[in-house]
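S.K.: the sequence isn't on hand, but the structure is:
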C-alpha cells in the first residue's frame, strides 16, 4: 500500500452509518478500507471525465475544421419536401 498518512475527515451521520454498516456487513474490513475504495472510484471517475472532455474538445475542433456550416432552414425544407413535414405525422 505504500506510505500511509493518517487523515481526519468529517462526514454526515448518514454517511457514517453507511460506512459502519458496510464494515459490519463484511463488505470492508475497516472504515479506512471503505474510504480508500471510494477514493479509488472517485479518482477513476475524474480520469474518465477528463477523457470525455478531451474527446468533446476534439469533436468540436473536428467540426470547426470541417469547414463552414450550412443554414438549417433550407436543408429542412428539402427534407420535408422529400419525406413530408413532421407536422403531417
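M.R.: In hand now; what should we look at? Bear in mind the structure is a predicted one, so any value in this text is a computation, not a measurement.

S.K.: what's around the residue nearest to residue 29 when sequence neighbours are not counted, how many residues?
M.R.: The shortest distance from residue 29 to any non-neighbouring residue, by C-beta to C-beta, 6 or more residues apart in numbering, is to residue 23 (7.2 Å). All C-beta atoms are positioned from the backbone trio N, CA, C, and that covers glycine. If you count neighbours by other C-beta atoms under 10 Å, residue 23 ends up with 16.

S.K.: who touches residue 23 in this structure?
M.R.: When contacts are counted by C-beta atoms under 8 Å, 6 or more residues apart in numbering, residue 23 touches 29, 30, 31, 33, 34.

S.K.: so where does it fall, helix or strand?
M.R.: Using DSSP states H and E, residue 23 falls within helix 13-24.

S.K.: which element follows that helix toward the C-terminus?
M.R.: Assigned by DSSP H and E, the successor of helix 13-24 is helix 31-65.

S.K.: so which bits of that following helix are buried?
M.R.: By 16 or more other C-beta atoms under 10 Å, the buried positions in helix 31-65 come out as residue 34.

S.K.: for this protein, which helix or strand comes out least confident on mean pLDDT?
M.R.: helix 72-83 (a mean of 94; mean pLDDT, DSSP states H and E).

S.K.: how near is the residue lying farthest from the centre of the chain to residue 35?
M.R.: Ranked by distance from the centre of the chain (C-alpha atoms, centre = their mean), the top residue is residue 81, with 40.1 Å. Distance of residue 81 to residue 35, computed by C-beta to C-beta, to the nearest Å: 62 Å.

S.K.: now residue 55
M.R.: Note on residue 55: its distance to residue 35, by C-beta to C-beta, is 30 Å.
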